[in-house]
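*Asks:* structure for this input, please:
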Amino acid sequence: MENTKLRRRVLATATATVAVGALAIAGLAGVASAGPSGTTAPAVSADSLSPGLLAAMESDLGLDADAAASRIAGEYRAAAIAAGLEKSLGTSFAGARVSGDKADLTVSTTDASEAALITKAGARAEVVGHSLDRLEAVKDALDKAALSKAPKNVPVWYVDVEANRVVVNAASASAGQAFVKAAGVSDQLVTVARSTEQPRPLADIRGGDAYYMGGGGRCSVGFSVTRGGTQNGFVTAGHCGRTGTATNGVNQQAQGTFQGSTFPGRDYAWVATNANWVPKPLVNGYGRGDVTVAGSTPSVVGASVCRSGSTTGWHCGAIQQLNTSVTYPEGTISGVTRTSVCAEPGDSGGAYISGSQAQGVTSGGSGNCSSGGTTYFQPLLPALQAYGLTLVTSGGGNPTTPPTTPPPTDQPGGTWAAGTTYAVGATVTYGGATYRCLQGHTAQAGWTPAAVPALWQRI
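*Replies:* Numbers count the residues shown, from 1 in each chain. As a prediction, this is how the structure comes out:
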């Protein structure tokens, strides 16, 4: 199953712009996380963070500059510890989340004997009844049912790691129960919750200062990427345009063409730009200083996340659920991340970023930035994988944390190990070959160098 293979922590893409005068969606230069063994993460100073991002975190999260820096540092450390524990716990792993301004990490397991290991790694242990694999199997069954026939009046479903359940949000209990029955899954693992949410893609036909699609419409530029080392471009939301759609930049000059687009099912696309547009590892700070994208290590449930878009600028909130499915009028989208960040039409394709780490591109949502809302972002790794793209970063990436345990026995030799945080330029051996890291990330099971060309280049 695709979601499970990519795991819940898919490396996200926050959108960035690619030209002088084009919207550059800001990322922020921060210090990366600690290793999975619970070692102390380097401090992140307020001076290292974008003024724009700090202002958004103060406005939306009530955090001053020092508190924001402290929280980001804690979330970096928590993400690395969670990735290491997911690998160590294996089938008993039941999810991870952070809470509070200190980013206190809770890791759930179905095996009480693993509690000491979790505590030793620096997290609070929680023993639950269902593994994450079991819950995701239920969600996968719901996804398959939705692909056959989009559920009526059932906008969203996801794995809630805190509740240790699959949650189905529906307009009525009967609509949710009918969907669960049609999918053939046990209602013992599912909670049906009433919801008035009506999510829709956040594209706009009004004009704005992002990029414009041929025939009308506006979206926000995604993260800068390259393909094959020579072709520049950016990632964005798939619903913004179809393959072959031409784009103009914020200056209304010719910019590029959609080379690939997936929607519904997923919501990602990439645009190849002409020679006038230079890719930058930046996210637009909207007059408060651009944010530098240093890598793409994914955050855990509960972590703070900020979004930059061409309609509403910077806004922040928290990651609520990973691997969520949401039904728009056009069909069901799976594998997106649910957040409490607001967004409005025209923000689609814009950057989601935690600290300096790219998380994803804005897909859709409900509500607005006056009254608040719920928004979903498409994580980065699936788009990079689908189109063979490489995220443009500042080159700093994340510091490499040496593995604290020997490589897994199923690994065909070499130094690569899941759970290790790799920096841009780091080299490993795997299967008798040597690979160079193309973008900073924490390795996940299955993301072997030979299998993920978006992250590793054979040398």
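*Asks:* from here on, just use CA atoms for contacts and neighbour counts.
*Replies:* OK.
*Asks:* how about the strands in the stretch 251-400 of the chain?
*Replies:* In the stretch 251-400 of the chain, the strands defined using DSSP state E, counting those that start in this stretch lie at 254-262, 268-273, 282-283, 291-292, 304-309, 313-328, 331-339, 351-354, 357-368, 372-379, 389-391.
*Asks:* with mean pLDDT, distance to Pro51 and mean neighbour count added, can I get those in TSV?
*Replies:* Putting the strands of the stretch 251-400 of the chain into TSV (pLDDT from 0 to 100; distance: least, C-alpha to C-alpha, whole Å; neighbours: other C-alpha atoms under 10 Å) gives the following:
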stretch	mean pLDDT	distance to Pro51	mean neighbour count
strand 254-262	94	29	22
strand 268-273	94	29	28
strand 282-283	88	12	34
strand 291-292	85	9	28
strand 304-309	91	13	32
strand 313-328	94	11	24
strand 331-339	95	22	25
strand 351-354	92	14	34
strand 357-368	94	16	30
strand 372-379	95	23	27
strand 389-391	92	23	27
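*Asks:* nearest to Ala145, of these?
*Replies:* Among the strands of the stretch 251-400 of the chain, the nearest to Ala145 by C-alpha to C-alpha is strand 331-339 (10.4 Å).
*Asks:* in the protein, which spans are helices?
*Replies:* Here the chain has its helices, by DSSP state H, at 2-6, 51-61, 65-89, 115-121, 132-148, 173-183, 380-387.
*Asks:* worst mean pLDDT among those helices?
*Replies:* Mean pLDDT is lowest for helix 2-6 among the helices of the chain, at a mean of 42.
*Asks:* tell me how far the most far-flung residue of the chain relative to its centre lies from Ser92.
*Replies:* The outermost residue of the chain, judged against the average C-alpha position, is Ser174 (32.1 Å), by C-alpha atoms, centre = their mean. Applying C-alpha to C-alpha, to the nearest Å, the value for Ser174 to Ser92 is 33 Å.
*Asks:* same question for Val392.
*Replies:* Val392 is 36 Å from Ser92, by C-alpha to C-alpha.
*Asks:* my read: Ala94 touches Asp133, true?
*Replies:* Yes. Ala94 is within contact range of Asp133, at 7.5 Å (criterion: C-alpha atoms under 8 Å).
*Asks:* the more surrounded of the two?
*Replies:* Neighbours per residue (other C-alpha atoms under 10 Å) separate Ala94 from Asp133, with Ala94 holding more: 26 against 17.
*Asks:* what's near enough to touch Ile319?
*Replies:* Neighbour list for Ile319: 300-305, 337-340 [criterion: C-alpha atoms under 8 Å, 6 or more residues apart in numbering].
*Asks:* again with Ala68
*Replies:* Ala68 makes contacts with 46, 54, 57-58, as judged by C-alpha under 8 Å, 6+ apart.
*Asks:* quick check, nearest of the residues you listed to Thr262?
*Replies:* Closest to Thr262, out of all of those and judged by C-alpha to C-alpha, is Met57, at 31.7 Å.
*Asks:* ok, that closest one touching Ala318?
*Replies:* No. Look at Met57 against Ala318 with C-alpha under 8 Å: they stay out of range, at 10.5 Å.
*Asks:* buried subset of the contacts of Ala68, written for ChimeraX?
*Replies:* Selection of the buried residues among the contacts of Ala68 in ChimeraX, burial being defined by 16 or more other C-alpha atoms under 10 Å:
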select :46,54,57,58
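*Asks:* perfect, I'm done here.
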